[in-house]
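Participant: return atomic coordinates for the entry below.
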Amino acid sequence: MEHDLIVRLQQEYSDELFEQLYRLYADRAIRTAAAITGSAASAADVVQETFIRVYRNLGSYDLDRPFEPWFYRILYNECNRYLKKQARMVPSEISEEKDLPSETDTYEFDRHGEVYEMVQQLDDKHRIPVILKYLNDLAEKDIAELMDLNVNTVKSRLFQARKKLKEWVLNRGGEFHGS
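Facilitator: Predicted structure coming up:
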């Protein structure tokens, strides 16, 4: 179905078809962007930019390759653009995005649970592969491709991240399943 939708969009764009594509990917994209950027409000902006880039580049998408890794590569790049932009900004005393509760935040469910909080404490090189693997169920080879890494590097980072998470859980006196 997804492949047929992409083919139809490449042949003849329509708002209705693009909306179908949006509905297929928007929720997971927002959860992913929120986990990477640390902000649901920023995630909405990142996902909007992602879909704009998808729209602009859909004509050059290679139909012989899977769409999902291509899409997440664009999302990952947009998240990186956002994080770089944020690193250049001078922080204010109160960041409305992070410090004040949002009345419209429907993605707050990702923030519940100790494991999510621990994942957020990992450095980017470990946190992002964990998010892509376990939130989006991407294969290691797809993660490696979109992050411009060797597959073994991705596997190593996932292993190190799981090891660190397990260590944190055990230090808190909890159990860790699925190491």
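Participant: apart from its chain neighbours, what residue comes closest to residue 124?
Facilitator: Once flanking residues are discounted, residue 124 sits nearest to residue 83: 7.7 Å by Cβ to Cβ, 6 or more residues apart in numbering. All C-beta spots, glycine's among them, are computed from the backbone N, C-alpha and C.
Participant: give me the number of residues near that neighbour?
Facilitator: Number of residues near residue 83 (other Cβ atoms under 10 Å) recorded here: 16.
Participant: so how far is residue 33 from it?
Facilitator: Separation of residue 83 from residue 33 (Cβ to Cβ, to the nearest Å): 11 Å.
Participant: low-confidence regions, this protein specifically.
Facilitator: Per-residue confidence for the chain (pLDDT under 70) gives these ranges: 89-113, 173-179.
Participant: in it, which spans are strands?
Facilitator: Counting by DSSP state E, the chain has no strands to list.
Participant: so which bits of stretch 2-20 are buried?
Facilitator: 6, 9, 18 (16 or more other Cβ atoms under 10 Å).
Participant: so what's the spatially most central residue of the chain up against?
Facilitator: Nearest residue to the geometric centre of the chain (Cα atoms, centre = their mean): residue 32, 2.9 Å. Neighbouring residues of residue 32 by Cβ atoms under 8 Å, 6 or more residues apart in numbering: 43, 72, 75, 79, 131-132, 135-136.
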